[in-house]
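Novice: Provided below are the primary sequence and the corresponding predicted coordinates.
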Amino acid sequence: MCTTCGSCRQRFHQDKFHLDKGILVTQQSLHIETIGQGRPIVMLHGWGVNSAVFNPLHDVMHNYQIHYVDLPGFGNSSAIEGDLDAWVDYIMAQVPSQAIWVGWSLGGLVATRAALRYPKQVAALATIASSPCFMARDDEGWPGIPPQVLGQFGDQLDRDLGKMVERFLAIQAMGSETAKQDIKQLRDLVMAKPLPDAIALKQGLTMLKDVDLRPQLDELTLPWFRVWGRLDGLVSRRVQPLMPTKAAFSDLVLPKASHAPFFSHKREFVTGMTDWLAALPR
């Protein structure tokens, strides 16, 4: 661990042997950038990008100790073998206990699974433009991504990784009033780090395609804040009304936002997020 700016900014590169549930992960590196002091928050990005997408939030979340994680195989983190639970276990072993987990898109799926898998170690959950089941289930009337869309990304992985990532970035902002500006800013931030590992991209696509956490959501009793963009091109506006409701759950719907509301509607997003964080029990 090295400190680059007093005690408020730390970069972690953890290379170690990690044995969990009989799976040995060797010589792996999980990149975590920690900024600020206060209550710990774990921030998880989405598929195809890295934690640099959260850079615009660095100056407005300074009252918390935020751990910006590059998911396994993304940004400066090494890929690991395994499924969603392997990712969750690997991250959980390297972040503070009793942290608030915040996940965007695929990161929201990871954060939700962490809250289900480790209910005593996750203090609260926030998901941003995320779904417990990303794939459309037409026979159940569940809105989601058409199978052919994820299939196209899978096919393009082996042909032109850079082009595939840029195409996916364009979808993030589709529908936003500031789409052109958002896409450029997203691309500049994401491309400042290494391109994702192809294995990790395939793992992520498999999670988006196969994981369905809906049957387990009633197990959640912790505070859960859900942020939605009404113009989201990846998570349908029809998902939010189908989500479970409890006194501890709350929703923020941004009517003119797309899939990256913390980018296109930063002020509204930050206000909603910080109000929710301030109201959490200690």
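Specialist: Cool, got the structure. Fair warning: this is a prediction, and the values are worked out from it, not measured in the lab.
Novice: Please count neighbours and contacts with C-alpha atoms only from this point.
Specialist: Fine.
Novice: pLDDT score assigned to Q14?
Specialist: Q14 carries a pLDDT value of 41.
Novice: Check T4 too.
Specialist: Confidence for T4, expressed as pLDDT, is 35.
Novice: What's the end-to-end length of stretch 150-170?
Specialist: 15 Å (CA to CA, to the nearest Å).
Novice: same thing with stretch 121-141?
Specialist: 34 Å.
Novice: Please apply the same query to stretch 127-141.
Specialist: Per CA to CA, stretch 127-141 runs 22 Å from first to last residue.
Novice: Report the buried residues of that stretch.
Specialist: 127-136 (16 or more other CA atoms under 10 Å).
Novice: again, but for stretch 207-223
Specialist: In stretch 207-223, counting by 16+ other CA under 10 Å, buried: 207-209, 211, 213, 217, 220, 222-223.
Novice: and if you look at stretch 78-96?
Specialist: For stretch 78-96, by 16+ other CA under 10 Å, it's 78-80, 84, 86-92, 96.
Novice: Mind exporting the C-alpha coordinates of it to CSV?
Specialist: Taking Å, rounded to 0.1, in the frame of the first residue of the first chain, the C-alpha atoms of stretch 78-96 are listed here in CSV:
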residue,chain,number,x,y,z
SER,A,78,-6.1,-8.8,-13.0
ALA,A,79,-8.7,-11.2,-14.2
ILE,A,80,-9.6,-14.2,-12.0
GLU,A,81,-11.4,-17.4,-12.7
GLY,A,82,-14.9,-18.1,-11.6
ASP,A,83,-18.5,-16.8,-11.6
LEU,A,84,-20.3,-13.9,-9.9
ASP,A,85,-19.8,-15.4,-6.4
ALA,A,86,-16.0,-15.7,-7.1
TRP,A,87,-15.9,-12.0,-7.9
VAL,A,88,-17.9,-11.1,-4.8
ASP,A,89,-15.8,-13.2,-2.5
TYR,A,90,-12.6,-11.8,-4.0
ILE,A,91,-13.7,-8.2,-3.6
MET,A,92,-15.2,-8.7,-0.1
ALA,A,93,-11.8,-10.1,1.1
GLN,A,94,-10.1,-6.8,0.2
VAL,A,95,-12.5,-4.1,1.2
PRO,A,96,-13.7,-2.9,4.7
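Novice: tell me the mean pLDDT over it?
Specialist: 97.
Novice: Closest one to P244 out of the buried residues of stretch 127-141, please.
Specialist: Distance to P244 across the buried residues of stretch 127-141 (CA to CA) is lowest for P132, with 10.8 Å.
Novice: Surely the closest one and D212 touch.
Specialist: Yes - in this structure, P132 is within contact of D212 by CA atoms under 8 Å, at 5.9 Å.
Novice: Noted, bye for now.
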